[in-house]
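1. Using only what follows, build the 3D model:
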Amino acid sequence: MSNNREILFNDFLNISDEFLIDSYISKEKFYNFGSLNSSDKKLFKNYVRQVKWCYRFHNSNINIQPYFDDKKRYGEVEVCNIILKDENISKSANEDKFFNEDKKIDKIVEIVLRLITFPQILVVQYRSMIRIFTSHITVNLVDSKKRTLDKIVSTNNWIDTKNINDLEYTLFNNIQIENLNHENFYEFYNSFIDNVIKYNASLMVGEEVELPVDELKEINDRIEILNKEIKSLRIDLKNATQPRDESRINNDIRIRRIEIRNLQKKLEE
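-> Got it, this is the predicted structure:
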């Protein structure tokens, strides 16, 4: 890995310098152009050390065609790097490779993805650990200048770049530039997202999965919903005062856990 503070994609994707931008984006630009409220500005101030525009893929430097339809405007794909402040991030005591500030980091990512109007491969870094974020962008049918984020897709854990395991090695190999779809920039970006989805599914079972991506998306989405429901039910359980209610809630949690286990078994097929 590079000795620089930045962990750029070139460290594990060998991106040619012809795509290099290497330009810092001041936090003030997000403040001024994003109409951020005081709470959002505080997030940037407390947790973001710097934002860097690293690479730009455009048909002027790569043989990939733009893609335009009524909802998508994909003229290029960009790579940006958000470096977090070391002193304000703390590892979770309950979960390995997670941080206590992950929800705040997710909010920062959402702001950056929303304000930079081109499709982004966003690499967030805390020391030697990184997490990759992506999201398709949909154009407003009434006003083409207005864009909204689709579902944000990210690696489900932080990857320690000093200790890469087999699944992470496979992910980095699959998202090599030459291994992505070069039909057009939408497919180029979408194939990157598909590999992140496949990686997340592989994490659940500890080995590389072979199911089609569409099926993996359905399973991942369903497991995400079930985990949210379990979290909500646990809150209800804490507030329950009657044994009958406690029994019902515990049974509801058990049913959802069984469904999650069955879905995980599908990933192993």
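
2. Sketch out the low-pLDDT regions of the protein for me.
-> Residues of the chain that meet the criterion pLDDT under 70 lie in 1-10, 34, 141-145.

3. can you list the domains in it?
-> Split into domains by automatic domain parsing, the chain comes to 10-163, 219-267.

4. Quickly compare the ones you listed and say which is most buried.
-> Among those, domain 10-163 has the highest mean neighbour count (mean count of other CB atoms under 10 Å), at a mean of 16. Yep, even glycine has a C-beta here, placed from its N, CA and C like the rest.

5. thought Asp86 was touching Tyr126?
-> Yes - in this structure Asp86 lies within contact range of Tyr126 using CB atoms under 8 Å: 7.2 Å.

6. circling back to that earlier point, of the domains of the chain, which is nearest Lys198?
-> Closest approach to Lys198 among those is made by domain 219-267 (9.8 Å; CB to CB).

7. and the closest one, how far apart are its ends?
-> Using CA to CA, to the nearest Å, one end of domain 219-267 lies 8 Å from the other.

8. likewise stretch 54-63?
-> End to end - CA to CA - stretch 54-63 spans 19 Å.

9. what's across from the most centrally placed residue in the chain in the sheet?
-> Closest residue to the average C-alpha location of the chain: Ser154 at 1.9 Å, with CA atoms, centre = their mean. Beta-bridge partners for Ser154, by DSSP bridges, are Phe133.

10. so when I look at His182, I'm seeing a helix, right?
-> No - using DSSP: H, G, I helix; E, B strand; the rest coil, the assignment for His182 is coil, not a helix.

11. Can you tell me, leaving aside adjacent residues, what's nearest to it?
-> Spatial nearest neighbour of His182, chain neighbours left out: Ile64 (5.1 Å); criterion: CB to CB, 6 or more residues apart in numbering.

12. show me the contacts for that neighbour.
-> 57, 182-185, 188 (CB atoms under 8 Å, 6 or more residues apart in numbering).

13. Distance-wise, check it relative to Lys103.
-> Note on Ile64: its distance to Lys103, by CB to CB, to the nearest Å, is 35 Å.

14. Okay, strands next: where are they in the chain?
-> Counting by DSSP state E, one finds strands in the chain at the ranges 20-25, 48-58, 67-68, 73-74, 76-84, 120-126, 129-134, 137-139, 147-149, 153-154, 159-160.

15. Quick one: the helices in the stretch 101-250 of the chain, in order.
-> Secondary structure of the stretch 101-250 of the chain (DSSP state H, counting those that start in this stretch): helices at 102-115, 166-174, 185-205, 213-239, 243-267.

16. If I take the fourth one and helix 185-205, what angle do their directions form?
-> To tie it back to what came earlier, the one meant is helix 213-239. 50 degrees (axes from the mean of the first three to the mean of the last three CA atoms, to 10 degrees).

17. Off-centre distance for helix 213-239?
-> Put simply, helix 213-239 sits 18 Å off its chain's centre (CA atoms, centre = their mean, to the nearest Å).
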